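>>> With the sequence up front, the predicted model follows.
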Amino acid sequence: MDAAQQDPTAKARELQSAWYGEPLGTLFRRLIDDLGLNQARLATVLGLSAPMLSQLMSGQRAKIGNPAVVQRVQALQELAGEVSGGHLSAADATRRMEEIRRSAGQSVLGGGIPAGASGQQTTVKRAVREIQSLLRAICDAQDILHASQTLASDHPELAEFLRVYGAGKTADAVKHYETHQG
């Protein structure tokens with residue numbers, strides 16, 4: 001069966017996998033489990049209505065239309081990794097979720113960067129997530145990888161940038177950023 005004949009929900013989940021690395025239902029359920037949330041609280045932290053979250057989870061909608069919401073999803077994924085790795089207490093995770101929720105409609109590069117040794121790392125991660133969000137709002141990971149392959153022979157550094165930031169993991173993009181920082 002070709003894409004035009006494919007079930008709309010299956011097609012939406014396929015697109016979600018290309019854009020976000022996995023279907024949003026899977027991703028959101030993992031965040032709910034790892035962070036001890038319910039769907040209503042997750043929707044609030046992300047800045048989505050509960051019905052919109054439900055539509056994204058079920059595959060009735062494919063794409064998160066707001067880049068700020070995509071940034072908050074990425075921030076929650078990092079937070080969940082810290083929690084599941086035992087690097088963050090439940091109280092600290094709750095405080096960080098509130099900071100993520102309050103970032104609604106703001107650039108993650110705007111104020112509120114903590115001072116001190118971890119401030120620089122936080123700034124780099126936020127800059128990287130901003131770049132990733134912008135690239136991923138323009139097109140999906142497959143298109144970015146295709147563009148990267150097209151540029152590779154004549155512009156290898158630009159091709160690497162697209163590949164790492166547009167289709168890679170945040171941690172890999174942070175390493176790239178730190179390596180190429182002047």
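Looks like it came in fine.

>>> contacts, neighbours, all on C-alpha from now
Fine.

>>> so what's the residue positioned nearest the centre of the chain up against?
Geometric centre of the chain, nearest residue: Q74, 3.0 Å, by C-alpha atoms, centre = their mean. With contact taken as C-alpha atoms under 8 Å, 6 or more residues apart in numbering, Q74 is in contact with R129.

>>> Now do it against I64, distance only.
12 Å (C-alpha to C-alpha, to the nearest Å).

>>> Kindly report the same for A12.
11 Å.

>>> Pull the number of nearby residues for R95.
For R95, the neighbour count with other C-alpha atoms under 10 Å is 12.

>>> Now the host helix or strand of it: buried residues?
According to DSSP states H and E, R95 maps onto helix 90-102. Buried residues in helix 90-102, counted by 16 or more other C-alpha atoms under 10 Å: A93, M97, I100, R101.

>>> packing partners for it?
Counting contacts by 3 or more C-alpha pairs under 8 Å, 6 or more residues apart in numbering; DSSP states H and E, helix 90-102 is packed against helix 39-46, helix 67-84.

>>> any idea how far the last one is from the chain center?
Taking C-alpha atoms, centre = their mean, to the nearest Å, the mean C-alpha location of helix 67-84 is offset from the chain mean by 6 Å.

>>> residues of that helix that come out buried?
Going by 16+ other C-alpha under 10 Å, helix 67-84 has these buried residues: 67-77, 79-81, 83.

>>> which one of those residues is nearest L48?
L48 has its nearest neighbour among the buried residues of helix 67-84 in V69, at 7.6 Å by C-alpha to C-alpha.
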